[in-house]
Each structure stands twice: as C-alpha cells, then as structure tokens.
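any chance you could fold what I've pasted below:
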Amino acid sequence: MTVILAGLVVIAFGLFWSVGKYAEAVFAGRFSSRFPEKTLSYTADQLSALVTSDLRFKYVCPILFPLDLIVMLALAGAMGAASSHWIKQLYPSEAWLGLLVPGVYLLSDLIEDCLLAWLLLRGEPNEAARTVPMLKAITTIKFVSFSAAIALTLISLAGWLLSARLNS
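Numbering: from 1, shown residues only. All right, here's what the predicted structure looks like:
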C-alpha cells in the first residue's frame, strides 16, 4: 500500500509540474509569469492588465478549469491519503489529521481559482485592483497549507518507516 500511495504522490507532482510548464508557455511573451497563483509580488496594475488581456479566457479554460482543478485534486488527494494512511499505522485515532492540512490546501486553492476565474471573466480592471489584498491573502494560505501538506506527508512517511524499522 505504501508503494502505491507514494507512487500516487509522485504522479500528482508530475501533473503539477506538467500543468505548470503548459501554463508558463501560455503566459510567455505576454506576462512575466502566471503571477496571480505563483507569487505575492504583483501589483494591482498587473492584475488589472491581466483581466483585460486577450489571455484571460484561455487562463480560465483550460488552465484554471479543468487543468489546475485536476492538479489540486490529485495533490490533495494523494498527500491526504498517504499521510492519513501512515499516521493511522502509528496513531489510529489521529488518522484524520492526515486529511486536514491537504484539505485546507485544496479549499484555499479552489477559492483562489474561483475568485481569479470570476475576475477574469468579468474583465473589470478596477474590481480586480480592489481584490488584490484578498487574492494575495488566499494565495498565502494556499502556499502555507501546500508546504505544510508536503511536510506532513514526508514526516508521516518517515515516522511510519522508522516505526516499521524499530518494530522489525
């Protein structure tokens, strides 16, 4: 089971990398990067330019929906299943903790994508400019919870491996 779960995590990160490369290629030459989802160092003017650009509809579909949705489901699902399984081997009553952090990541990424898609579809630069602090706050939660989910997955695997080694 551990090999399957670890494989699913690796596949999910492969999807993450592939979709990121595709999105960067779409942005190349138009914007410096896929900045609203990848960094916190953009301005209201940059977001306003994005929501009025010809790129906005291609960003919504296929980048945000369905590609980014597939990636976030794969990452949260794989990391949640793996860390929950490994935690359950050590502390059965605490297995739910393995789902909590990836769940926060999934929810924050989904909220970020929905807000961004709404802004892009509306195409209102002033409205986009006003939402920058909120969008950056959601992105910050996504970054922190994603990093925490990775750490939890690695720590739970290491704990399980160490326990298995000590018990053998």
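
ok, which stretches of this protein are strands?
Under the criterion DSSP state E, the chain contains no strands.

what about the helices in it?
Listed in chain order, the helices of the chain (DSSP state H) span 2-27, 35-38, 44-51, 56-58, 69-90, 97-122, 125-167.

for the first one, packing partners?
Taking 3 or more C-beta pairs under 8 Å, 6 or more residues apart in numbering; DSSP states H and E as contact, the helices and strands that helix 2-27 lies on are helix 69-90, helix 125-167. From N, CA and C alone the C-beta is placed, and that goes for glycine too.

same question for the fourth one.
The contact analysis (3+ C-beta pairs under 8 Å, 6+ apart) places helix 56-58 against helix 97-122.

mind listing what's buried along the helix it packs on?
Neighbour counts over helix 97-122 (16 or more other C-beta atoms under 10 Å) mark 98-102, 104-113, 115-117, 119-120 as buried.

now for the helix-or-strand element of the chain with minimal mean pLDDT, which elements pack on it?
Within the chain, judged by mean pLDDT, DSSP states H and E, the helix or strand with the poorest mean is helix 35-38; its value is a mean of 93. Contact here means 3+ C-beta pairs under 8 Å, 6+ apart; on that basis helix 35-38 packs against helix 44-51, helix 97-122, helix 125-167.

between those helices, which one is nearest to residue 59?
Each of the helices and strands packed on helix 35-38 has some distance to residue 59 by C-beta to C-beta; the shortest is helix 97-122, at 5.7 Å.

now do the closest one: distance to the chain's middle.
Mean-position distance between helix 97-122 and its chain equals 8 Å (C-alpha atoms, centre = their mean, to the nearest Å).

model confidence for the nearest residue to residue 36 once chain neighbours are set aside, exactly?
Setting aside the residues directly before and after it, residue 36 is nearest to residue 116 in space (C-beta to C-beta, 6 or more residues apart in numbering), at 5.6 Å. According to the model's per-residue confidence, residue 116 sits at a pLDDT of 98.
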